[in-house]
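Chemist: I need the structure of the sequence given here:
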Amino acid sequence: LESELSHAEVIDVSQLNAGSRVVFGATVTLADVETDEEKKYQIVGDLEADIKLAMIAISSPLARALIGKNEGDSVVIDAPAGQREYEIVSVAYAG
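Modeler: Now for the predicted structure:
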């Protein structure tokens with residue numbers, strides 16, 4: 001933990017100016033293509049991740065699939081129950 005903290009860097013996500021592109025720190029709203037159910041996740045560091053708070057680790061399969069994509073893009077995720085397709089509804093950066 002001490003090693004992780006010594007290399008930690010604070011990132012002000014409101015200053016990233018990535019537009020509608022998904023990068024670290026983004027809050028992404030996804031719509032399940034099959035059910036139209038919407039979910040919102042923030043992409044955070046591995047040590048900050050907490051699925052109960054909708055904060056997913058940058059190293060997670062979902063985050064890896066989202067990084068570099070834009071609003072309106074679709075992504076396919078291999079989930080335990082099979083493949084799921086999501087559309088990126090919105091990408092936001094809040095400080």
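
Chemist: any idea which residue sits dead centre in the chain?
Modeler: I43 (3.6 Å; Cα atoms, centre = their mean).

Chemist: What residues does that residue make contact with?
Modeler: Each residue near I43 by Cβ atoms under 8 Å, 6 or more residues apart in numbering is listed here: 22-28, 56-58, 63, 66-67. Every C-beta, even on glycine, is put in place using the N, C-alpha and C of the backbone.

Chemist: What's the PyMOL syntax to select whichever of these are buried?
Modeler: To isolate in PyMOL the members of the contacts of I43 that are buried, counting by 16 or more other Cβ atoms under 10 Å, one can use:
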select buried, resi 22+23+25+26+27+28+56+57+58+63+66+67
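
Chemist: pLDDT added to the contacts of I43, as JSON lines?
Modeler: Output for the contacts of I43, formatted as JSON lines (pLDDT from 0 to 100):
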{"residue": "V22", "pLDDT": "95"}
{"residue": "V23", "pLDDT": "93"}
{"residue": "F24", "pLDDT": "92"}
{"residue": "G25", "pLDDT": "92"}
{"residue": "A26", "pLDDT": "94"}
{"residue": "T27", "pLDDT": "95"}
{"residue": "V28", "pLDDT": "97"}
{"residue": "I56", "pLDDT": "97"}
{"residue": "A57", "pLDDT": "97"}
{"residue": "I58", "pLDDT": "95"}
{"residue": "A63", "pLDDT": "96"}
{"residue": "L66", "pLDDT": "97"}
{"residue": "I67", "pLDDT": "96"}
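
Chemist: Could you look up the SS state of L62?
Modeler: helix (DSSP: H, G, I helix; E, B strand; the rest coil).

Chemist: Surely it and M55 touch.
Modeler: No. L62 is not in contact with M55 according to Cβ atoms under 8 Å; the separation is 11.6 Å.
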